[in-house]
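Enquirer: Got a sequence here, can you model it:
(one chain, ligands or ions: 1)
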Amino acid sequence: MFPAMVVQTSKSPGQGDAAATSLKIFINGRLVDKEDAKISVYDHGLLYGDGVFEGLRSYAGRVFRLEQHLARLWDSAKAIWLEIPMTRQAMADAVNDTLKVNGLEDAYIRLVVTRGAGSLGLDPNRTSDPQVIIIADRIQLYPRELYEKGLEIVTASTVRNHPAALNARVKSLNYLNNILAKIEGLQAGCIEALMLNHKGEVAECTGDNIFLVRAGALATPPTDAGILEGITRQAVIELAQQAKIHVREMPLTRHDVYVADECFLTGTAAEVIPVVKVDSRPIGSGEPGPITRKLIDRFHALVRG
Ligand code: PMP
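Expert: Sure thing, here's the model as predicted:
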């Protein structure tokens with residue numbers, strides 16, 4: 001367990017505004033200046049992507065669904081035999097402290113737990129203590145106009161990880177599967193790309209879950225389609241149910257996407273964003289639809305509420 005939090009700074013007092021505004025990063029129970037936030041090059045998080053992470057948001061100083069993110073982090077860690085050296089309460093406190101010390105209200109928070117420094121072999125038993133890192137920084141959203149006009153995406157040829165190889169429900173530091181698909185999207189001029197699972201069904205996008213609207217009802221792939229169980233996905237399912245919009249978690253094909261009336265993505269960073277073109281085909285009218293707009297409004301009300 002980590003000792004009580006210590007705020008460390010390498011800058012001497014009176015060094016000016018830049019020093020005063022230097023971001024503080026949480027590492028293993030200490031808050032240090034961004035420039036001093038370092039871990040070993042022998043850390044298996046770096047050498048092998050051996051570790052887990054979470055991305056969270058705070059709105060007006062309040063972290064959105066903190067407990068759910070921590071539950072997912074602890075599940076991810078358990079799945080890879082990684083013991084997080086803190087209690088969940090201590091982690092929650094550390095997240096809030098990191099936000100506060102940086103004076104951030106609307107922020108993106110990255111929580112990382114690595115396996116720790118070890119030998120150059122894979123053996124996780126030969127590593128030291130897991131490293132716990134919390135970064136709270138300003139949020140970089142997709143350009144505002146994309147929320148009004150909608151995104152264009154393409155299907156990547158990179159298939160989503162087979163769940164029996166590395167389950168997508170584990171939010172591990174090894175994101176190469178998603179990065180390869182993201183590169184395909186970027187090469188096609190799109191900032192997101194659709195990924196199919198090993199059965200050829202729709203899974204999710206590289207950093208977002210996907211929803212379709214057909215005949216006034218929502219459809220989204222089930223978690224056993226090999227997807228991350230998105231916190232925003234769950235929030236949107238709840239909002240839809242409150243709005244008496246029927247939601248079905250069901251296997252979907254690209255055909256379902258092409259003939260949908262509306263399509264949108266959900267994610268902590270993206271929130272709810274309309275998709276208006278997939279693989280060069282306009283979705284529905286080719287403009288963000290009424291149900292998508294309604295859910296965007298309700299999501300904004302939820303996070304600010
Ligand atoms: N799928 C993947 C692969 C992701 O990385 C993310 C972002 N964490 C999501 C879906 C959306 O999940 P959430 O709503 O919890 O951010």
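
Enquirer: how much space between the residue lying closest to Ile237 once chain neighbours are set aside and Asn209?
Expert: The shortest distance from Ile237 to any non-neighbouring residue, by C-beta to C-beta, 6 or more residues apart in numbering, is to Val247 (5.2 Å). For the C-beta atoms, the positions are set from N, CA and C on the backbone; glycine is no exception. Distance, Val247 to Asn209, by C-beta to C-beta, to the nearest Å: 12 Å.

Enquirer: what sits in contact with each of these two?
Expert: Thr220 (C-beta atoms under 8 Å, 6 or more residues apart in numbering).

Enquirer: So between those two, which is more surrounded?
Expert: Asn209 (25 against 16; other C-beta atoms under 10 Å).

Enquirer: quick one, helices of the stretch 201-305 of the chain?
Expert: If DSSP state H, counting those that start in this stretch is used as the criterion, the helices of the stretch 201-305 of the chain fall at 231-242, 254-258, 290-304.

Enquirer: could I get these as CSV with mean neighbour count, distance to the ligand and mean pLDDT?
Expert: Putting the helices of the stretch 201-305 of the chain into CSV (neighbours: other C-beta atoms under 10 Å; distance: least, C-beta to the nearest ligand atom, whole Å; pLDDT from 0 to 100) gives the following:
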stretch, mean neighbour count, distance to the ligand, mean pLDDT
helix 231-242, 19, 3, 98
helix 254-258, 15, 16, 98
helix 290-304, 17, 11, 97
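
Enquirer: I figured Ile191 hits Leu151, correct?
Expert: Yes. Ile191 is within contact range of Leu151, at 6.9 Å (criterion: C-beta atoms under 8 Å).

Enquirer: Overlap of the contact sets of these two?
Expert: Counting by C-beta under 8 Å, 6+ apart, the contacts common to Ile191 and Leu151 are Tyr142.

Enquirer: Comparing the two, which shows the higher neighbour count?
Expert: Using other C-beta under 10 Å as the criterion, Ile191 and Leu151 rank with Leu151 on top: 23 against 18.

Enquirer: Might one say that the more buried one is in contact with Ile283?
Expert: No. If you go by C-beta under 8 Å, Leu151 and Ile283 don't touch, sitting 10.1 Å apart.

Enquirer: what do the two both touch?
Expert: Residues touching both Leu151 and Ile283 (C-beta under 8 Å, 6+ apart): Val275, Val276, Lys277.

Enquirer: Who's the closest spatial neighbour of the first one, skipping the chain neighbours?
Expert: Read that as Val275. Spatially, and ignoring its direct neighbours in sequence, Val275 is nearest to Cys263 (4.1 Å; C-beta to C-beta, 6+ apart).

Enquirer: Among the shared contacts of Leu151 and Ile283, which are located in strands?
Expert: Val275, Val276, Lys277 (DSSP state E).

Enquirer: Got a quick ChimeraX command for the buried subset of those residues?
Expert: To isolate the buried members of those in ChimeraX, using 16 or more other C-beta atoms under 10 Å:
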select :275,276,277
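
Enquirer: Specify which member of the ones in strands among the shared contacts of Leu151 and Ile283 is nearest to Asn197.
Expert: Val275 (18.6 Å; C-beta to C-beta).

Enquirer: Show me what that closest one bridges to in the sheet.
Expert: Following DSSP bridges, Val275 is listed with bridge partners Leu151, Cys263.

Enquirer: give me every residue that touches it.
Expert: Gly150, Leu151, Glu152, Ile153, Glu192, Ile210, Cys263, Phe264, Leu265, Ile283.

Enquirer: buried subset of those?
Expert: Listed as buried from the contacts of Val275 are Gly150, Leu151, Glu152, Ile153, Glu192, Ile210, Cys263, Phe264, Leu265, Ile283; burial here means 16+ other C-beta under 10 Å.

Enquirer: Close to the ligand: what parts of the stretch 151-300 of the chain are there?
Expert: 178, 204, 207-209, 228, 230-233, 266-268 (C-beta under 6 Å from any ligand atom).

Enquirer: give me that answer again for 8 Å
Expert: Contact residues (C-beta under 8 Å from any ligand atom) of the stretch 151-300 of the chain with the ligand: 168, 171, 175, 178, 204-209, 227-235, 266-270.

Enquirer: from those, which would you call buried?
Expert: For those, a burial check counting by 16+ other C-beta under 10 Å picks out 168, 171, 178, 204-209, 227-228, 230-233, 235, 266-270.
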